[in-house]
Each structure stands twice: as C-alpha cells, then as structure tokens.
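>>> need the 3D shape of this:
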Amino acid sequence: MSGALTVERHADAESFLEAAQSFLLQAEAENNLALGLALNWRGRPPADPPPYWATVRRANGVVGCAFRTPPHQLGVSRMPAAGIAALVEDVGRVYPSLNGVGGPTADAEAFARAWIARRGGTWRTRFRMRLHELTKVSFPAVLSPGALRKATEADLPLAREWVDAFVRDVGLAVAVSDMAQRLIARGLLFFWMDAGRECAMASSSRETRSGCAINMVYTPPQFRRSGYATAAVATLSDALLQSGRRFCCLYTDIANPTSNSIYAKIGYRPILDDVEIDFSP
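Numbering: from 1, shown residues only. Alright, predicted model coming up:
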C-alpha cells in the first residue's frame with residue numbers, strides 16, 4: 001500500500017466516529033479505549049481546552065487514529081510508522097505541550113521519541129500494560145463464596161474509598177472526577193458480597209458495538225488471597241456475555257504476574273501490549 005499520509009482533525013466525537021469507526025471496529029477489542037471514549041463523548045458541549053480527535057489517512061482510507069480529552073494523555077492507535085511525524089506536527093498545533101502518550105507499545109514509543117525530538121524535554125515509561133480479551137468464561141472449579149451485587153447510592157462512601165485506593169495502587173496519573181458516583185449512577189459498579197460484607201469490587205465500562213471493558217478491580221488488603229476478585233471478574237464477565245456482548249476485555253500491569261495469571265485462568269487471553277509514557281519539560 002502506498003501514498004502520502006495525512007492527518008485529518010475532527011471537530012467532535014461524532015465526526016471522529018463517522019470517519020474512524022469502521023477502521024477501529026476492525027480490531028474492536030484492541031481499540032476499545034478510542035471507541036469507548038468517543039462514544040461516551042458524543043453530544044457533549046465544547047470544552048476548554050478542546051478534545052483532540054484525529055485520523056491518519058491514506059488516499060484509500062483511515063490507517064490510524066489519535067485522541068485526547070485533557071487533562072489526560074494523548075492516545076494513539078496502531079498506525080504506519082510514516083504517520084507519526086505528521087501526527088506530531090498536527091498535535092503540536094493544538095497543544096503547545098503534552099503530559100504524555102499511551103497506546104500500542106511500538107506506536108506510543110515512536111510518538112514519544114518524535115515529540116521529544118521536535119519539542120524537547122524527556123520521556124519515561126510510567127507502566128506497561130497488557131490488554132486481554134475474553135469470549136467465554138472458564139469458572140474456577142471452586143468459586144469463592146458469595147455473590148455479585150450492583151452498587152447503589154447508599155454504597156457511595158465505601159465506593160469512593162475503594163476507587164481512591166485502586167487509583168493509588170495502580171498509579172493512575174489522572175482520575176476522572178468522582179468516578180465512583182458516575183459508575184454507580186450508570187449501574188456499572190459491583191461488589192462481591194460474602195457473609196454480608198463487601199469483599200471486592202469491579203466495574204464495567206467503555207461499551208462498544210460488541211464488547212465491554214472490565215476495570216476498577218480492587219480487593220482491600222484484609223480480603224486478599226481469597227479469590228474474591230477472581231469471582232467478581234468471572235461473574236461480571238459472564239453476565240456481560242450472557243447479556244449479548246461478544247467479548248469482554250481488561251488491562252493488566254505486565255509487571256504484576258499475579259493478576260495476569262488470575263485472569264488467564266478464567267479465560268482472558270493477551271492480545272496487545274500497551275504503554276503509558278510521561279513527558280517532562
């Protein structure tokens with residue numbers, strides 16, 4: 001495939017999806033973040049600073065995407081290496097500085113090198129993540145006792161505490177304002193209950209055409225090593241598949257062999273390695 005690569009900027013999430021959705025759906029699980037974010041931003045009023053929605057194109061169609069909802073990092077999809085330079089130039093016209101970039105490892109690292117070469121400063125890897133996909137749950141032979149319960153407004157104080165603990169444990173750079181309240185309001189946050197106690201937490205998010213992501217998986221220290229998180233994720237994933245989703249996906253920290261092993265045992269299979277990179281002036 002030949003031809004010059006260009007960057008086309010889109011005014012809003014709707015026009016971005018109109019241009020990019022067919023490309024993104026070719027690898028729907030891999031592109032769950034771009035798809036889920038854009039779908040969630042449809043219909044929102046203009047923001048300051050503005051979000052960034054862009055497609056990298058050849059004459060015959062889209063070959064890559066980039067997106068940013070400040071103050072979060074820039075996100076990139078897989079794309080031909082030749083598209084990185086054009087993307088760096090276009091992003092620089094919108095944002096004089098960036099706090100970082102995330103996406104498939106080779107593409108995000110290529111953007112980081114090009115951005116720093118063009119704009120100065122330094123970059124460092126915050127963490128390396130692995131994206132997993134599941135199409136059928138393999139329940140453990142012995143599931144931890146208890147059941148999954150949808151969180152309600154009455155659970156908000158505990159949910160806020162656990163979401164904050166999750167953010168600290170994972171090392172997220174920027175947390176969405178009152179994520180616990182947003183998840184509860186949308187019916188997406190769940191607790192694993194055992195003997196009347198909340199023992200673990202998980203949520204669903206980023207619904208796309210055929211799939212859904214699992215995140216906010218957290219177990220307080222006193223309940224760890226009891227299989228509660230495994231039970232919560234397996235049960236929630238199965239419920240989502242039974243409701244008509246074709247797949248579920250989730251990210252793990254590559255440096256955490258325990259979580260990678262746990263999710264593999266219930267049917268999650270690695271499909272892509274991602275990286276989050278911080279920029280410093």
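>>> list the contacts of residue 92.
Applying CB atoms under 8 Å, 6 or more residues apart in numbering, one finds that residue 92 lies in contact with 115, 118, 119. (Each C-beta comes from the backbone N, C-alpha and C, glycine too.)
>>> can you select the buried ones among those residues for me in ChimeraX?
One line in ChimeraX is enough to select the buried members of the contacts of residue 92, burial here meaning 16 or more other CB atoms under 10 Å:
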select :115,119
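>>> what's the neighbour count on the closest residue in space to residue 12 that isn't next to it in sequence?
The spatial neighbour of residue 12 that comes closest, neighbours along the chain excluded (CB to CB, 6 or more residues apart in numbering), is residue 53 at 6.9 Å. For residue 53, the tally of surrounding residues (other CB atoms under 10 Å) stands at 26.
>>> next, residue 53: secondary structure please.
Each residue gets one of three states, and residue 53 gets strand by DSSP: H, G, I helix; E, B strand; the rest coil.
>>> got it, and residue 168?
helix.
>>> for it, give its distance to residue 162.
Between residue 168 and residue 162 the distance is 11 Å, computed by CB to CB, to the nearest Å.
>>> comparing the two, which shows the higher neighbour count?
When residue 168 and residue 162 are compared on other CB under 10 Å, the one with more neighbours turns out to be residue 162, at 22 against 10.
>>> pretty sure the more buried one sits in a strand.
No. With three-state DSSP as the criterion, residue 162 is helix rather than part of a strand.
>>> show me what contacts it?
Shown here is residue 162, whose contacts under the criterion CB under 8 Å, 6+ apart are 180, 201, 218, 220.
>>> apply 10 Å and report the result again.
Each residue near residue 162 by CB atoms under 10 Å, 6 or more residues apart in numbering is listed here: 151, 155, 180, 189, 191, 198, 200, 201, 216, 218, 219, 220.
>>> and the third one, what element?
It stands for residue 180. Assigned by DSSP states H and E, residue 180 belongs to helix 179-185.
>>> just to revisit the earlier point, list only buried entries from the contacts of residue 162.
Buried positions within the contacts of residue 162, assessed by neighbour count (16+ other CB under 10 Å), are 151, 155, 180, 189, 191, 198, 200, 201, 216, 218, 219.
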